[in-house]
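**Q** one predicted model, sequence on top.
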Amino acid sequence: MHRMDTDTIVAPATVPGSGAISIVRISGPRALEAVSAVVSFSRPLNDAPGYSIRYGTALQDDGSILDEVLVSVFRAPHSYTGEEAAEISCHASRYVVETLLQRLCDAGARAAEPGDIQSDNAAAHRVAMNQLRGGYSSRLKELRDKLLEVTVLMELELDFSEEDVEFADRSRLVSLVEETLAHIRTLTDSFRLGNAIKTGIPVAIVGATNTGKSTLLNALLGEDRAIVSDIAGTTRDTVEETFNINGTVFRLIDTAGIRETEETIERIGIDRSLLKLTQADIVLGVVDATASLSEQQQRAQEIASRIRFDEQTILLLLNKMDLVSDPSRAETMLVLDREIPTIPLSAKTGQGLETLRNSLMTVWEKQLKGAEQALLVTNIRHYNALHKAADALELVKAGIASGTPTDLVSQDLRDSLYHLGSILGTITDDEILGRIFERFCIGK
C-alpha cells in the first residue's frame with residue numbers, strides 16, 4: 001500500500017469512554033486526504049475552509065457505516081500544530097475510536113508517538129500559540145502573492161512570444177526575489193532556536209575521560225542513567241535524556257571522554273561526541289578540579305577551541321570539588337582570550353548543582369529573549385520547504401542575470417511558489433491560470 005508522508009500523524013485527543021463524544025486528531029500535509037479516505041462527505045473535504053465543520057459518515061473496511069461524525073478542519077499554518085489538521089468527533093465508543101485510528105493508519109497516516117501532537121514545554125506552547133495567530137505566515141503570504149503576480153505576467157509573455165513583448169519588469173522581479181530570499185533566510189536561521197524550543201535545548205556534556213561527566217548526567221536527572229566507573233573510557237557512545245527546569249526542557253547529551261586513543265570503538269564514540277558538541281546550543285565543559293591549574297587550563301582550551309561562540313554558549317564546570325582542599329575559585333577562566341563562566345561543583349555530593357541549573361536557565365532566557373514573539377520555524381518540513389524555495393529563487397536570479405529564456409525562469413518561479421505554498425496551504429495547479437483569467441480578457 002502506498003504510504004503518505006510520515007509527518008501525517010493521528011492520535012486520540014480524548015480518553016475513549018470518558019464522555020458522550022470522543023475526538024480523534026490528525027495532523028500533517030495529507031491529513032484531509034486521509035480523512036477523506038475514511039469518512040464520506042456530501043462535498044469534498046479538501047474544499048472546506050479553516051475553522052469549518054463538516055458532517056460525514058465514517059465507513060468500515062467493507063463499506064458499512066461505522067459512525068456518523070463531525071469533522072473540524074484547521075488549515076495550515078492556523079492550527080494547533082501549524083500544519084493541515086482535522087479533528088473527528090465521534091461517539092465515545094472504544095471500538096469506534098480504535099477502528100477510526102486503524103482506518104486512518106491504513107490510509108497512510110502513522111500513529112502518534114508521545115509528544116507528536118502537543119507542546120512539551122511552556123516556551124513551545126507560547127510559540128505554538130504565536131503560530132496559531134498567524135506566526136510567520138502573513139509576511140510570507142504577502143511576498144508569495146507578489147511573486148505570483150510576476151509569474152502571471154511572465155506566463156502571458158509566453159502566450160505572446162511571437163510578438164516579442166515583455167510584461168514583467170525584470171529589475172522589479174530581481175528586487176522582489178532578493179526581498180523574499182532575505183525573509184526566507186531569516187526564517188531558516190531561526191530553525192535552530194525554534195527546534196530547540198520544540199524538542200528541548202540540546203546541552204552537551206563534554207570533557208576528558210574520568211572527569212565525572214556521567215556522574216553529572218545522573219545527578220541532574222536524579223537517576224542512574226549512565227554507567228559510572230573509575231575506568232577511563234567507560235562511555236563509548238552518546239547518551240541522551242531530557243530534564244525539566246521550571247517548564248523548560250533541556251536535552252542532556254553525555255559524551256564519550258575526549259582523548260587520544262587507538263581503540264576503534266572508543267574512537268567512534270569520541271567522533272560522535274565531537275559531532276554532538278557542534279549540534280548543542282549549550283556546552284558544559286567538565287574539568288577535573290583536582291588537576292593542576294595548568295592542566296585545567298589546557299583541558300578548558302581543548303573544549304573551547306571546538307566552540308562556535310557566535311552560536312553556542314559554554315559553561316566550564318570544575319567537578320570533584322569535594323576532593324579539593326581549597327574550594328575558593330574564580331567565577332571565570334580566561335580561555336582563548338575569553339572570560340568563560342566557571343562553576344565549581346561536585347556531581348557526587350550535589351554541591352553546585354543548583355547554581356548550574358540556575359545558570360542553564362539564565363543562558364536560555366538570554367537566547368530566548370524576544371524570540372517567542374519573533375518569526376520562528378519549528379517544523380522540519382517547513383524548514384526544508386523554505387530551503388527548496390530559496391534554491392529555486394536563486395535560479396531565478398541567475399537566470400535573469402544570464403538571459404535565460406522566459407519559460408525556464410518561469411518554471412523556477414513556479415517551483416518557488418509551490419514550495420512556499422506547501423507551507424501556507426495554498427497549493428493549486430490552477431492558481432496561476434486563475435489569476436490570468438481574473439485580470440485579463442484571455443480567450444474572449
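**A** Great, that's in hand. Numbers count the residues shown, from 1 in each chain.
**Q** show me where the chain has its strands.
**A** Remark: strands assigned in the chain by DSSP state E are 9-12, 21-27, 39-40, 52-59, 65-74, 85-91, 110-111, 201-207, 239-245, 248-254, 282-288, 313-319, 332-335, 338-344.
**Q** among those strands, which is nearest Glu98?
**A** strand 9-12 (8.8 Å; CB to CB). Yep, even glycine has a C-beta here, placed from its N, CA and C like the rest.
**Q** still on that earlier bit, as JSON lines, the strands of the chain with mean pLDDT, mean neighbour count and distance to Leu386 would be great.
**A** Below are the strands of the chain laid out as JSON lines (pLDDT from 0 to 100; neighbours: other CB atoms under 10 Å; distance: least, CB to CB, whole Å):
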{"stretch": "strand 9-12", "mean pLDDT": "90", "mean neighbour count": "23", "distance to Leu386": "21"}
{"stretch": "strand 21-27", "mean pLDDT": "92", "mean neighbour count": "23", "distance to Leu386": "19"}
{"stretch": "strand 39-40", "mean pLDDT": "96", "mean neighbour count": "20", "distance to Leu386": "32"}
{"stretch": "strand 52-59", "mean pLDDT": "95", "mean neighbour count": "16", "distance to Leu386": "28"}
{"stretch": "strand 65-74", "mean pLDDT": "94", "mean neighbour count": "19", "distance to Leu386": "21"}
{"stretch": "strand 85-91", "mean pLDDT": "93", "mean neighbour count": "22", "distance to Leu386": "20"}
{"stretch": "strand 110-111", "mean pLDDT": "84", "mean neighbour count": "16", "distance to Leu386": "24"}
{"stretch": "strand 201-207", "mean pLDDT": "90", "mean neighbour count": "26", "distance to Leu386": "21"}
{"stretch": "strand 239-245", "mean pLDDT": "81", "mean neighbour count": "16", "distance to Leu386": "27"}
{"stretch": "strand 248-254", "mean pLDDT": "85", "mean neighbour count": "23", "distance to Leu386": "24"}
{"stretch": "strand 282-288", "mean pLDDT": "94", "mean neighbour count": "26", "distance to Leu386": "26"}
{"stretch": "strand 313-319", "mean pLDDT": "95", "mean neighbour count": "24", "distance to Leu386": "26"}
{"stretch": "strand 332-335", "mean pLDDT": "90", "mean neighbour count": "16", "distance to Leu386": "36"}
{"stretch": "strand 338-344", "mean pLDDT": "94", "mean neighbour count": "16", "distance to Leu386": "33"}
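**Q** let me have these in JSON lines, extended by distance to Gly194.
**A** Listed next are the strands of the chain as JSON lines, based on distance: least, CB to CB, whole Å:
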{"stretch": "strand 9-12", "distance to Gly194": "19"}
{"stretch": "strand 21-27", "distance to Gly194": "17"}
{"stretch": "strand 39-40", "distance to Gly194": "33"}
{"stretch": "strand 52-59", "distance to Gly194": "29"}
{"stretch": "strand 65-74", "distance to Gly194": "20"}
{"stretch": "strand 85-91", "distance to Gly194": "19"}
{"stretch": "strand 110-111", "distance to Gly194": "23"}
{"stretch": "strand 201-207", "distance to Gly194": "12"}
{"stretch": "strand 239-245", "distance to Gly194": "17"}
{"stretch": "strand 248-254", "distance to Gly194": "14"}
{"stretch": "strand 282-288", "distance to Gly194": "16"}
{"stretch": "strand 313-319", "distance to Gly194": "17"}
{"stretch": "strand 332-335", "distance to Gly194": "30"}
{"stretch": "strand 338-344", "distance to Gly194": "26"}
